[in-house]
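Visitor: Take this sequence and fold it.
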Amino acid sequence: MFVESGRGAAGRGVGPGGLNHLSFDPASNSKSLQFGSPSGVCVSESPTENGSDPGKKRKRTNIPPDGGRNLSLDSISMGLPMSDPTAWATAMNNLGMAPMGMTGQPLLPDFDPALGMMTGIPPINPMMPGLGIVPPPIPPDMPAVKEIIHCKSCTLFPPNPHLPPPATRERPPGCKTVFVGGLPENGTEQIIMEVFEQCGEVIAIRKSKKNFCHIRFAEEFMVDKALYLSGYRIRLGSSTDKKDTGRLHVDFAQARDDLYEWECKQRMLAREERHRRRLEEERFHPPSPPPVVHYSDHECSIVAEKLKDDTKFSEAVQTLLTWIERGEVNRRTANNFYSMIQSANSHIRRLVNEKAAHEKEMEEAKEKFKLALSGILVQFEQIVAVYHSASKQKAWDHFTKAQRKNISVWCKQAEEIRNIHNDELMGIRREEEMEMSDEEIEDPSEMKETDESALVSQVEALKEENDSLRWQLDAYRNEVELLKQEHGKASRDEDTTKEQQLKLLQQALQGMQQHLLKVQDEYKKREAELEKVKEDKLKIETLLETLKEQQSVANEEDKERDVTDGQGNESSMPRVCACSQEKECPVEKTLSNSPVKSEREALLVGIISTFLHVHPFGASIEYICSYLQRLDSKICTTEVEVLMTRLQTTFKQELSGVGASLEKKWKFCGFDGLKMT
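Guide: Next up is the predicted model:
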């Protein structure tokens, strides 16, 4: 029913038009094979769809030589001429098929289907070397070839292969349920079961009256087979009525049962994983110690005997320690425990003796090693002396160039090995001298035991000489090592000093760059402030000029009125003075009596009034200043409070609370002051 991409393309042979051939099966196909001309061209018919003419025939030529690998045993088109029926029968026999003629008659009457071959001719195996007909791996991007599906009560026609694949939703976890839409109106559950039971075991079908249904399968892989049918046209029987036709749309469906089963499966897998990890951890855990028996007189006697045995001492001591920690010691068992502790104490002497024996063996081994090493050094000296004597002119001139080169290389190697062994021997002797000096420092009481002062003075003098000589030797060695290290570390020190200097220069440059950026920012801010001050100055100058012009015009009008109205001068003087005072007062008020003295204060008044307008119940001066300090950290509380006390028509102060909870709050009353004015 379902055709994979590789088999569909290789086994059935897709033609140039995108249509596919049905495979030939001699057991199920009753039609006779149709062969063409003797040249071997095979012609086959296939049902077409989407308006193609079913009466036309499509020709399929022979398989090219390089396409033999795409053959499969179930369907192979053979291009043999019928003039040689024996060759045709041999080929069909090797493929396991009954040899048939053009009319359907068997070519070989004695063909044995059980054997599948002729006598004396081995069958063709696709894996035989040299045949090369093993199918290649199926490429993942090869489209699947869909065919017509015949059922008992309906027929499914494949969609147009050139159309894009039908869209599907995201697959839910553990999906076993599919949505099937586009069913015929006359479709029943039996027809749906007949179509989709080929995909796998169907557990339940929930059909709706609106030409769709939900199908739940037993396993998840069956859903993929059902999605293969998406896009097929279904026709019930041979009817062409709209109610008997439809186009299937199969998609994933989300079901609670599927999700529950998937979650149960995930939990089971998690439990198995935890169990597996626990087993692995327990396998790598160290084994638990053996259980300690409870105290009794019998067990006490056994432990006492084990304490006297060197091989069982550690086990017995662990048991004794456990009993003491458990609190088994009392008046009745105190003597037994004391005897066991005493035997444990006696084991110390055995351990000390064992340690002394091991130390003696180690000293003997060191002496042997020193003797062997000194003998090796003597032999190395002899070999080096041989090399040096051979390199003298008497013998050196008689050697060839290659021999001289080998002798010089061998001499260098022998000297290096001799120096290494010499350093090792000197290190051993130096360690022994250090140990002897430590023992002399640690045990000054032995020197004090001698009663004769002369011996003491001699020993001290020898000791001082020995120490001085040893220190001189250490100093010489240190100087040699320092000289060796200086040659190696000179370049490293220079590199480190250069790197440090570069780092310091980089840090200095970064600091200078940051300082320069800060200075540039401050310079830009100062330029902006200067531009603002210049603009304010220009505005004030233009305002003063306009006021002066107005005043001069008013004075000229007054003079003209004085000339024309000489008689009513006295009566008009107060009016003119009043008018002039009214005109001059606003200017003076704006210039001198204004409570807002700068643009910064005007900006602060606007911000405070907006802040208090949002807080209709008022706010304390500290709250207001904390808000303003976020904008400018230079604002202080006294400056804000003085500015708000000057503007009594805009801000007012109220007291709230009683006693210790008395609090001063400022409120915005600018709208009330506007009504009053």
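Visitor: how about residue 653, secondary structure?
Guide: strand (DSSP: H, G, I helix; E, B strand; the rest coil).
Visitor: That one and residue 606: what is the separation?
Guide: Using CB to CB, to the nearest Å, one gets 19 Å for the distance from residue 653 to residue 606. Backbone N, C-alpha and C define where each C-beta goes, glycine included.
Visitor: what stretches of this structure score poorly on pLDDT?
Guide: For the chain, applying pLDDT under 70 flags the ranges 1-144, 437-454, 456, 491, 563-593, 673-677.
Visitor: Now do the SS call for residue 342.
Guide: helix.
Visitor: That one: neighbour count?
Guide: When counting by other CB atoms under 10 Å, one arrives at 11 neighbours for residue 342.
Visitor: by contact count, what packs against the lengthiest helix in the chain?
Guide: If you go by DSSP state H, the chain has its longest helix at helix 453-564. Using 3 or more CB pairs under 8 Å, 6 or more residues apart in numbering; DSSP states H and E, the elements in contact with helix 453-564 are helix 401-442, helix 569-588.
Visitor: need the contact list for residue 196.
Guide: 180, 202, 215, 226, 229 (CB atoms under 8 Å, 6 or more residues apart in numbering).
Visitor: who wins for most neighbours among the residues you listed?
Guide: residue 215 (27 neighbours).
Visitor: Residue 427 and residue 413, how far apart?
Guide: Counting by CB to CB - residue 427 and residue 413 are separated by 22 Å.
Visitor: hmm, I was thinking of residue 505
Guide: The value you get for residue 505 to residue 413, if CB to CB is used, is 48 Å.
Visitor: From residue 664, how far off is residue 654?
Guide: Taking CB to CB, one finds residue 654 at 8 Å from residue 664.
Visitor: actually residue 626, sorry about that
Guide: Residue 626 is 15 Å from residue 664, by CB to CB.
Visitor: before we move on, the earlier item: compare residue 653 and residue 606 (neighbour count), which wins?
Guide: The neighbour comparison of residue 653 against residue 606 (other CB under 10 Å) goes to residue 653, with 14 against 10.
Visitor: At which residues are the strands of the chain located?
Guide: For the chain, the strands defined by DSSP state E cover 42-44, 58-60, 149-150, 154-157, 177-181, 202-207, 212-217, 233-236, 245-247, 249-252, 651-656, 663-668.
Visitor: if you compare those, which one is most tucked away?
Guide: Among the strands of the chain, judged by mean count of other CB atoms under 10 Å, the one packed with the most neighbours on average is strand 177-181 (a mean of 21).
Visitor: Which elements pack onto that strand?
Guide: strand 212-217, helix 221-227, strand 249-252.
Visitor: and with 10 Å instead?
Guide: Using 3 or more CB pairs under 10 Å, 6 or more residues apart in numbering; DSSP states H and E as the contact test, the elements touching strand 177-181 are helix 189-196, strand 202-207, strand 212-217, helix 221-227, strand 249-252, helix 256-284.
Visitor: Need the ones you listed in TSV (columns: distance to residue 380).
Guide: Converted to TSV, the helices and strands packed on strand 177-181 look like this (distance: least, CB to CB, whole Å):
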stretch	distance to residue 380
helix 189-196	93
strand 202-207	90
strand 212-217	87
helix 221-227	79
strand 249-252	85
helix 256-284	51
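Visitor: Distance check, residue 275 against residue 530.
Guide: Residue 275 is 80 Å from residue 530, by CB to CB.
Visitor: which residues do residue 654 and residue 664 both contact?
Guide: Jointly contacting residue 654 and residue 664 under the rule CB atoms under 10 Å, 6 or more residues apart in numbering are residue 618.
Visitor: dump the residue contacts of residue 342.
Guide: 304, 307.
Visitor: Against residue 307, how distant is it?
Guide: From residue 342 to residue 307 the distance is 9 Å (CB to CB).
Visitor: next one: residue 472
Guide: Separation of residue 472 from residue 307 (CB to CB): 55 Å.
Visitor: ok, those two, which is more surrounded?
Guide: residue 307 (23 against 10).
Visitor: check contacts around the more buried one.
Guide: Counting by CB under 10 Å, 6+ apart, residue 307 makes contact with 313, 315-317, 319-320, 339-344, 346-347.
Visitor: would JSON lines of the residues you listed with distance to residue 164 be doable?
Guide: Listed next are those as JSON lines, based on distance: CB to CB, whole Å:
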{"residue": "313", "distance to residue 164": "85"}
{"residue": "315", "distance to residue 164": "80"}
{"residue": "316", "distance to residue 164": "85"}
{"residue": "317", "distance to residue 164": "83"}
{"residue": "319", "distance to residue 164": "82"}
{"residue": "320", "distance to residue 164": "85"}
{"residue": "339", "distance to residue 164": "96"}
{"residue": "340", "distance to residue 164": "91"}
{"residue": "341", "distance to residue 164": "92"}
{"residue": "342", "distance to residue 164": "96"}
{"residue": "343", "distance to residue 164": "93"}
{"residue": "344", "distance to residue 164": "89"}
{"residue": "346", "distance to residue 164": "95"}
{"residue": "347", "distance to residue 164": "90"}
